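Visitor: this is a predicted model, with the sequence first.
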Amino acid sequence: MKLTITTLCREGVFCDDYQNLNENNVIDFSNKRISVIYGPNGTGKTSFALLLSMERGGKYSISIDGRKYTETDPKIAYVIKDQNDRNIIQGSTEDFIVGDNIKREYELKRNLENGFFKIFYEILPDELKNTFGISTKSSFFYKFINSQFIKQYISEIANKAQKGRSIDRKAFLENISRLEMIDVPTFDEDLFRYFVDDIKSKDSLLQAFYELQLESIIQEPHFIKIEETNDAIRIIEKYPHVNDCIVCDSAFEREKQLEKKRHLNKTAVESMSAQSKKIVEQIIKRQNVNDPFNIKSKMKSALMSGDFNEIHDIMNSLKLYEIVYDALITNLFIKCVNESGLIEIFEEYQKIILEKPEFEDEDVMFIENFLNESLDRKICLARDENKNLKLLLGDKEFLNLDRKNLQLSNGEQNFLSLSFELLKAKKESDEIIVLDDPVSSFDSIFKNKIAYAILKFLEKKKTIVLTHTLDLIKLLEHQHTNCFSLYYMNNTVGEENGFIYVNPKEIKLLLYTHEFLALLRQEIKSEILDERAYLISLVPFMRGYCQLLNKAEYKNKLTKVMHGYNNEQVNLTEIYTQLFSTSIISKKYIISALDIINSNTENLQIINNENFPLLSKTLNHTYMYLYLRLNVEKKLVDKYKINTKKNEMLSDIIIDAFKGGNNDDLKNRAFFLSRKTLLNEFNHFEMDMNIFQPAIDITNQVLNNEKIEIMKKLQAL
């Protein structure tokens, strides 16, 4: 995999070269799955990470193996932010715990949730509404359902506010599993459809029939008169322009006849019982109603003849469809549960949650053991009252809480949050993981553990590590040799910008002092362009090396070359030859601090830039640091008659030179003490023999600007 970066733009952070980056723009994962991008503070590493996480604006254009992505596409990487933006460990327990049993538990839990969702939100609501006419929590149909718990489940599922949420899942499965499929008697599909559709309608004939007190129906002798007068009234009203009888052609007075028939009809109706009146009003008088059970005609016949067998026939027919309704709806519940597999899933889930939860994944165990060794409170798994797994720190949950509420040190907070972010990243679908400055504020033990966690947790990911410290680079190397590619990020107007690849040879020099020493003994000979400048640039390193070898004589000689107020000459060739047991320097170079002060630093070319570009830059910078330091010391000691026995170090000389309280002294003191090049006392050579810092933490342009400012200030004194 290769990332080709052509555009990075965010709130003026990146210089113009990043608008169309066509060099130093490839991050290559072809041979190494980790790419470390080193950049001093202020380079834009965090802005690069924020762009990839699609936060806080900006735009980019990045190709991955030829496919182009911009800020309008889905994000191309999962970004673990720096400690300032990693204040809360966001996510749920499931996001971090990945052991097989726990993974299976969450899988079963998801299957249960999905299964119940499908039943309670999709299958049953749809079937209850379309097949059985139930869409509200109370329904006329409930009287046909024999099972009380099915009746209750239907009410809760049909409740739009609940949708079955209040149903006890365990009891639901247990109750339904005890039921057996009911044999459905033979029935007419059309009649069943009418049965459901009519009852659910607002003006239901069947509901009206069910609400009658059928046992109190009696023969009504005058009912025929009601039928007759109803027909007569209907005909007279239908032909208002006719004054002759349409049957016998006899003349009649229309209004008087209509009034007469209405009176006879009223008298006949008033003579009937209250139940019979209800039948007439709610059933017989219905116009244009679908009546496949012939309820209207059979009710008329029963009222006229007093033969109620046909009413019993209606009741028997409807009873069949009540039985069918109950059987179909019961079988629906049984079928849903059986086909869902929820019973088997629930049984397996119940067995797992009865077990004591323990970490199983090796990576989680690593975090658990290390944190439990380091913290007073233990990381553990526990179950809440609903048997859900919870990650606890001590006895309290810590996920999604502000870190300041965890009562941990800053380093402990960072380790905790970063460790769990790495666990989360391990489970993310994104193939590329970006870590922004992961080890800031950590002590050495935490740094080493984080280096291990990065390599172990993300072993199946492509990982970009953004850092401004060599410590992490060294730790990654020591955890797993040759495991990363290294890039130097530069973002300075007028310089070589982008992601500058550091070749494997220089990585070895950067990480291993013995590799650098081996280079100085032999291989560097063919690379040296200016032996004199080469030796001067190595003076601080050689002085630190003398300390390690207990070469006090050489160390003292080199010290004299490192102070501008000394004029003693030192044979640098002899010291180099003795320290590195080599004779690669062809001439004798006897140098004093004054020689360095008076040297020409323009267009320095110390070694070949092609094979060792980073070392070339480093030697140039070290030479310039030494040159500026000596010039400042020389000028201040001479001008202000500084006693160098009392004020040996540069910082002491500056303070003594400008010890007054006047405005000029304050400004001069602040100026010299704030310069990057002057603050450096080259102590890093005596601490860890790291020749590359602080040179790699300052750009050529910044160094040149500082040189101009310092030399101008010295001339003005």
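Guide: The structure has been received and is ready for your questions.
Visitor: pull out the buried residues from the stretch of helix or strand residue 624 belongs to.
Guide: Assigned by DSSP states H and E, residue 624 belongs to helix 613-640. By 16 or more other Cβ atoms under 10 Å, the buried positions in helix 613-640 come out as 613-637. All C-beta spots, glycine's among them, are computed from the backbone N, C-alpha and C.
Visitor: same thing with stretch 708-717?
Guide: Within stretch 708-717, the residues that qualify as buried by neighbour count (16+ other Cβ under 10 Å) are 710, 711, 713, 714.
Visitor: how about stretch 69-76?
Guide: For stretch 69-76, burial by neighbour count (16+ other Cβ under 10 Å) applies to 69, 71, 76.
Visitor: same deal with stretch 661-679?
Guide: Applying 16+ other Cβ under 10 Å to stretch 661-679 flags 668, 669, 672, 675, 677, 678 as buried.
Visitor: pretty sure residue 599 belongs to a helix, no?
Guide: No - membership of residue 599 in a helix is not supported by DSSP: H, G, I helix; E, B strand; the rest coil, which gives coil.
Visitor: list the contacts for it?
Guide: When contacts are counted by Cβ atoms under 8 Å, 6 or more residues apart in numbering, residue 599 touches 533, 536, 627.
Visitor: TSV for those, including pLDDT and distance to residue 429?
Guide: Listed next are the contacts of residue 599 as TSV, based on pLDDT from 0 to 100; distance: Cβ to Cβ, whole Å:
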residue	pLDDT	distance to residue 429
533	97	53
536	97	55
627	95	54
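Visitor: residues in contact with the helix or strand hosting residue 299?
Guide: Residue 299 is part of helix 295-305, with elements assigned from DSSP H and E. Contact with helix 295-305 is made by 205-206, 209, 217, 219-220, 223-224, 227, 276, 279, 283-284, 286, 289, 291, 307-308, 310-311, 313-314, as judged by Cβ under 8 Å, 6+ apart.
Visitor: now swap in stretch 470-487 and tell me
Guide: So stretch 470-487 is contacted by 27-29, 31-38, 438-439, 444, 447-448, 450-452, 454-455, 465, 467, 499-502, 504, 507, 510-511, 690, 692-693 (Cβ under 8 Å, 6+ apart).
Visitor: try stretch 338-358
Guide: Contact partners of stretch 338-358, identified using Cβ under 8 Å, 6+ apart, comprise 99, 101-102, 104-105, 108-109, 111-112, 115-116, 118-119, 169-170, 173, 177, 337, 381-383, 387, 389.
Visitor: would you mark the buried spots in that stretch?
Guide: 340, 342, 345, 346, 349, 352, 353, 357.
Visitor: go on, stretch 211-231?
Guide: Quick answer for stretch 211-231 (16+ other Cβ under 10 Å): 212, 214, 217, 220, 222, 223, 225, 226, 227, 229, 230.
Visitor: now it: mean pLDDT?
Guide: In this model, stretch 211-231 has an average pLDDT of 72.
Visitor: let's see it as CSV, backbone CA atoms only.
Guide: This file holds the C-alpha atoms of stretch 211-231, laid out as CSV (Å, rounded to 0.1, in the frame of the first residue of the first chain):
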residue,chain,number,x,y,z
GLU,A,211,-73.3,-6.8,20.8
LEU,A,212,-76.9,-8.1,20.6
GLN,A,213,-78.4,-10.2,23.4
LEU,A,214,-79.4,-13.0,21.0
GLU,A,215,-81.0,-15.1,23.7
SER,A,216,-83.7,-12.4,24.2
ILE,A,217,-84.8,-12.2,20.6
ILE,A,218,-88.5,-12.9,20.1
GLN,A,219,-90.9,-13.2,17.2
GLU,A,220,-92.4,-9.9,16.2
PRO,A,221,-95.9,-10.3,14.5
HIS,A,222,-95.9,-6.7,13.3
PHE,A,223,-92.4,-6.9,11.8
ILE,A,224,-93.9,-7.7,8.4
LYS,A,225,-95.9,-4.5,8.6
ILE,A,226,-92.6,-2.7,9.2
GLU,A,227,-91.2,-4.3,6.0
GLU,A,228,-94.2,-3.4,4.0
THR,A,229,-94.4,0.2,5.1
ASN,A,230,-90.7,0.6,4.6
ASP,A,231,-91.0,-0.6,1.0
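Visitor: for residue 586, which non-adjacent residue is closest in space?
Guide: residue 531 (6.5 Å; Cβ to Cβ, 6 or more residues apart in numbering).
Visitor: thought residue 587 was touching that neighbour, still the case?
Guide: Yes - assessed by Cβ atoms under 8 Å, residue 531 is found in contact with residue 587 at 6.2 Å.
Visitor: looking at those two, which has the bigger crowd around it?
Guide: residue 531 (18 against 8; other Cβ atoms under 10 Å).
Visitor: residues touching the more buried one, list them.
Guide: 585, 586, 587, 589.
Visitor: skipping its backbone neighbours, what lies nearest the first one in space?
Guide: Spatially, and ignoring its direct neighbours in sequence, residue 585 is nearest to residue 573 (4.8 Å; Cβ to Cβ, 6+ apart).
Visitor: distance to residue 326 added to the buried residues of stretch 661-679, as a markdown table?
Guide: Formatted as a markdown table, those follow (distance: Cβ to Cβ, whole Å):
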| residue | distance to residue 326 |
| --- | --- |
| 668 | 100 |
| 669 | 97 |
| 672 | 97 |
| 675 | 93 |
| 677 | 93 |
| 678 | 95 |
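Visitor: how does this protein divide into domains?
Guide: Following automatic domain parsing, one finds the domains of the chain at 2-95+413-502, 101-186+327-349, 223-271, 513-716.
Visitor: end-to-end on the longest one?
Guide: I take that to be domain 513-716. Domain 513-716 has an end-to-end distance of 42 Å (Cα to Cα, to the nearest Å).
Visitor: may I see the PyMOL selection of the buried members of the contacts of helix 295-305?
Guide: This is how PyMOL selects the buried members of the contacts of helix 295-305, with burial counted by 16+ other Cβ under 10 Å:
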select buried, resi 205+206+209+217+220+223+227+276+279+283+284+291+308+310+311+314
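Visitor: tell me where the stretch 251-400 of the chain has helices.
Guide: Ranges of helices within the stretch 251-400 of the chain are 254-270, 274-279, 295-305, 309-340, 342-353, 362-374, based on DSSP state H, counting those that start in this stretch.
Visitor: my read: residue 457 touches residue 424, true?
Guide: No - between residue 457 and residue 424 there is no contact, the gap being 9.6 Å when judged by Cβ under 8 Å.
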